[in-house]
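Participant: Kindly generate the corresponding structure for this input.
(one chain, ligands or ions: 2)
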Amino acid sequence: MATESKSLGTLTAPRAFISGLDEHVGQEVTIKGWLYNLRSSGKILFPQLRDGTGVVQCVALKNTIAPELWEALKGLGQESALAITGTVRADERAPGGYEIDLRTAEVFNEVRDYPITPKEHGTEFLMDHRHLWLRSRRQHAILKVRHTVVKAVRDFLDNDGFTLADSPIFTPAACEGTSTLFEVDYFDGEKAYLTQSGQLYNEATAAAFGKAYCFGPTFRAEKSKTRRHLTEFWMVEPEMAYATLDDVMTLSERMLSYIAARVLDSRAEELKTLERDPARLEAIVPPFPRMHYDDAVKLLHKGHDEGAMETRFEWGGDFGAPDETYLSGNYDKPLMVHHYPAEVKAFYMARDPERNELALGVDVLAPEGYGEVIGGGERATSLQFLEEQIALHQLPKEAFEWYLDLRRYGSVPHAGFGMGIERCTAWMCGIEHVRETIPFPRLMNRLRP
Ligand code: 4AD
Ligand code: MG
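Facilitator: Ligands and ions are numbered 1, 2, ... in the order given. Predicted coordinates:
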């Protein structure tokens, strides 16, 4: 489907990028990229070129360019690789505000029959061609937002005095329950598991640095095919020594507000491409509503009484996606539900001293049905309590001895949370499914490409 590189004139002008054309108005530049689209109208060709930083329309007039260049350009298919040289002209009507009057070009790879065309394709087809789909405008915009979310998270935590201390990916034991563990053969018959959360290690680094975070790939053998679940996702997990549930809620609302502001500030173009209403993100400012689990259950009961919720929620259970959607539906900001029953939460959660059956945990539920974007809380400090919990959850004690050392040597109240980058990005973008927020998604039924 491709031919060798073909030179059709000398490209002598300095290289420029489409995002920086404003600095080159009136100058001749070379843009190296791929053919996004090609229109023709009699003796004029309008090749649209993309270079990763944007898309620009070029104008090639038959009677001002070499005849062989005209012939070559005329037949180029979508995603042909080419470099063009021409003069930048400001044009208010042009999509990016600039056009290029093409003088010459070099074709690196002539493409025919690019599989992804402007017509509609099914999601499975597009997911099978994810390696190519990434080039399309919408996917490009989503991943640009992701980059900004990641950058915002790092800047926020770095500026707030947190030390980046990444946690291991091979781990000897479960952190978030044994049902979603991916098992790996380590050496000499030993089993290892891909990390479900760096939290336990963060508790060690928080005792070393005061405030620490890890940020990396996280694995869950989730047997659920929902729009919120990946088997491999990226999680940022801050952890603070001498901190409480309340501190976690405050940090969550500050961090999410910061992320939204950064996305609004640096991704206005992308939000436009995604048809995301910026007002949704402008609303994400502190304070966020805080709701006790008991009150959340009352609200769900009200929803049931009014016919909005099909089944009557039973106190003690964890919320499902419809419950979360209903609860957060009353707010245009994230809703922080705290004090969940300990029964539905992880073994390490601290208990409410007044009501032992409740855990000092919080889930931050994003508006618009995006559900839980952050989960966290205060950690148990007592050695004896944790020994009991480890036994109760049938976890291998020897794999947790190092963790228990943290309670033997300098145990203090401490707290933290985890935020999934993909869920946060999907929410920022206003898109349906987390699978489009990571370059190569891993799902229960998808390991390729
Ligand atoms: O609520 P989770 O399971 O919390 C923890 O793992 C804690 N140990 C974190 C901590 O306190 N340090 O997961 C935290 C967040 C969720 O709120 C969600 O955003 C994301 O991780 N997440 C997933 N994202 C995509 N796919 C999945 N399968 C996810 N599971 C959790
Ligand atoms: Mg959770």
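
Participant: List the residues that contact the residue nearest the centre of the chain.
Facilitator: The centre of the chain sits closest to Glu422, judged by Cα atoms, centre = their mean, with a distance of 2.9 Å. Counting by Cβ atoms under 8 Å, 6 or more residues apart in numbering, Glu422 makes contact with 146, 230, 233-234, 434, 437-438. No exception for glycine: its C-beta is placed from N, CA and C like everyone else's.

Participant: For Leu76, see how far away Val344 is.
Facilitator: When distance is defined by Cβ to Cβ, to the nearest Å, Val344 is 58 Å away from Leu76.

Participant: What residues are bridge-paired with Thr87?
Facilitator: With DSSP bridges applied, Thr87 shows beta-bridge pairing to Glu28, Asp101.

Participant: cool, and Phe233?
Facilitator: Thr218.

Participant: Just the pLDDT for it.
Facilitator: Phe233 is assigned a predicted lDDT (pLDDT) of 98.

Participant: Quick check: the gap between it and Pro67.
Facilitator: 54 Å.

Participant: In terms of neighbours, single out the busier of those two.
Facilitator: Phe233 (21 against 9; other Cβ atoms under 10 Å).

Participant: thought that one was touching Gly418?
Facilitator: No: look at Phe233 against Gly418 with Cβ atoms under 8 Å: they stay out of range, at 10.3 Å.

Participant: Tell me who's in contact with Tyr193.
Facilitator: 170-174, 181-184.

Participant: same question, Glu378
Facilitator: 243-245, 248, 349-350, 360-361, 413-415.

Participant: Kindly report the same for Thr85.
Facilitator: 9, 11-13, 28-30, 102-105.

Participant: for the stretch 1-150 of the chain, what spans make up the strands?
Facilitator: Using DSSP state E, counting those that start in this stretch, the strands of the stretch 1-150 of the chain run over residues 6-7, 28-41, 44-50, 55-61, 81-90, 98-109.

Participant: Glu388 is nearest to which of those strands?
Facilitator: With respect to Glu388, and counting by Cβ to Cβ, the nearest of the strands of the stretch 1-150 of the chain is strand 44-50 at 59.2 Å.

Participant: Extract the CA atoms of the closest one and return them as CSV.
Facilitator: Below are the C-alpha coordinates for strand 44-50, written out as CSV (Å, rounded to 0.1, in the frame of the first residue of the first chain):
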residue,chain,number,x,y,z
ILE,A,44,-6.8,24.0,-6.6
LEU,A,45,-6.0,21.3,-4.1
PHE,A,46,-6.6,21.7,-0.4
PRO,A,47,-4.5,19.2,1.4
GLN,A,48,-5.0,19.3,5.2
LEU,A,49,-1.9,18.3,7.0
ARG,A,50,-1.6,17.2,10.6
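
Participant: Okay, now the sheet partners of that strand, with direction.
Facilitator: When DSSP bridges is applied, strand 44-50 pairs with strand 28-41 (antiparallel), strand 55-61 (antiparallel).

Participant: Skipping its backbone neighbours, what lies nearest Ser136 in space?
Facilitator: Nearest residue to Ser136 in three dimensions, chain neighbours excluded: Ile116, at 6.6 Å (Cβ to Cβ, 6 or more residues apart in numbering).

Participant: That neighbour and Met127: what is the separation?
Facilitator: Ile116 is 12 Å from Met127, by Cβ to Cβ.

Participant: for the stretch 1-150 of the chain, what are the low-confidence residue spans?
Facilitator: 1-11 (pLDDT under 70).

Participant: one more time with 90, if that's ok
Facilitator: The model of the stretch 1-150 of the chain has pLDDT under 90 over residues 1-12, 94-96, 117-120.

Participant: Now it against ligand 1: closest residue?
Facilitator: Val149 (11.9 Å; Cβ to the nearest ligand atom).

Participant: Give the residues shared as contacts by Ile116 and Met127.
Facilitator: Common neighbours of Ile116 and Met127 (Cβ under 8 Å, 6+ apart) are Trp133.

Participant: out of these two, which sits in the more crowded spot?
Facilitator: Met127 (19 against 15).

Participant: Name the nearest residue to that one, ignoring sequence neighbours.
Facilitator: That would be Arg446: by Cβ to Cβ, 6+ apart, it lies 6.4 Å from Met127.

Participant: Number of residues surrounding that neighbour?
Facilitator: Neighbour number of Arg446 under other Cβ under 10 Å is 17.

Participant: mind checking pLDDT for it?
Facilitator: pLDDT at Arg446 comes out at 95.

Participant: Which residue, other than its chain neighbours, is closest to the residue with the largest distance to the centre of the chain?
Facilitator: Largest separation from the mean C-alpha position in the chain: Asn63, at 48.3 Å (Cα atoms, centre = their mean). Of all residues not flanking Asn63 in the chain, Lys43 sits nearest, at 6.6 Å (Cβ to Cβ, 6+ apart).
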